[in-house]
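*Asks:* from the sequence below, what's the structure:
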Amino acid sequence: MNQPPENEGNNLFNRRQNNVIAQTLAALAQAIGNMQPASANKPKEQNITQVFKFNGYGNKNPTE
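*Replies:* Model prediction:
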């Protein structure tokens, strides 16, 4: 069914607006895809020395 001429301007506006929205969503999806996880940016925890548990050495008090 053909639209009356007075609605043609509104249809053109709606098509342009839909195109802008589609382009914006595509750009956002690409930006999200390019993001790195937060864990990639912070330093990783690592052991630089080994600490042994104190089991009490003979007559030594473990609370001292």
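*Asks:* list the helices and strands the host helix or strand of Asn11 packs on?
*Replies:* Asn11 is part of helix 5-34 when elements are defined by DSSP states H and E. Taking 3 or more C-beta pairs under 8 Å, 6 or more residues apart in numbering; DSSP states H and E as contact, there are no helices or strands that helix 5-34 lies on. For the C-beta atoms, the positions are set from N, CA and C on the backbone; glycine is no exception.
*Asks:* so for it, mean pLDDT?
*Replies:* Mean pLDDT, computed over helix 5-34, is 86.
*Asks:* could you number the chain from 46 rather than 1 from now on?
*Replies:* Right, with 46 as the first residue, what we last looked at is helix 50-79.
*Asks:* so Ala74 versus Asn63, what's the distance?
*Replies:* 16 Å (C-beta to C-beta, to the nearest Å).
*Asks:* same check on Gln95?
*Replies:* Taking C-beta to C-beta, one finds Gln95 at 63 Å from Asn63.
*Asks:* for Gly78, same thing?
*Replies:* 23 Å.
*Asks:* the two: which has the busier surroundings?
*Replies:* Ranked by neighbour count (other C-beta atoms under 10 Å), Gly78 and Asn63 place Asn63 first, with 10 against 7.
*Asks:* thanks a lot, see you next time.
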